[in-house]
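A.B. asks: Using only what follows, build the 3D model:
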Amino acid sequence: MWSIEYYQSETGKSPVEDFIDSLDTAVKARMARTLDFLEEFGVELGMPYAKHLEKQLWELRVRQGRNRYRIIYFLATGQTFVLLHGFTKKTGPVSRSDMDMAKRRRDDYLSTRR
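C.D. replies: Numbering: from 1, shown residues only. Just a heads-up that it's a prediction; the model follows:
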């Protein structure tokens, strides 16, 4: 079984937990199920639930009606995924600003673990 960790800022805030909490009940349920899939299947989880973005970054994909929700994550160590950034996807590929935010949080996470 794989494990999931939520990135926390220096102040102890968890942006992904805040993002999930902001979603309506039906989307939260779908998100929880997709997170369960990630814990169960790990790196073997593929489309339509997970997609490789670049280098170490992956996106967890949830669709509810016409809305698309994403969580960018990475494999930190062994069998632990760290959820870095959550957002509602509008159109096209993941935006550069969303990728940059995830990279900053990944780098922050890694710098505090050394």
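A.B. asks: Which residues are in contact with the residue nearest to the spatial centre of the chain?
C.D. replies: Against the mean C-alpha coordinate of the chain, by C-alpha atoms, centre = their mean, the closest residue is Ile71 at 2.8 Å. Contacts were defined as C-beta atoms under 8 Å, 6 or more residues apart in numbering; by that measure Ile71 touches 16, 19, 31, 59-60, 62, 83-86. Every residue, glycine included, has its C-beta placed from N, CA and C.
A.B. asks: Dihedrals phi and psi, it?
C.D. replies: Torsion angles at Ile71 (phi, psi; degrees, to the nearest 10) stand at phi -130, psi 120.
A.B. asks: Let's see the pLDDT reported for it.
C.D. replies: On pLDDT, Ile71 comes in at 98.
A.B. asks: before we move on, what about Arg114?
C.D. replies: At Arg114, the pLDDT value in this model is 58.
A.B. asks: cool, Asn67 as well?
C.D. replies: As predicted, Asn67 sits at a pLDDT of 93.
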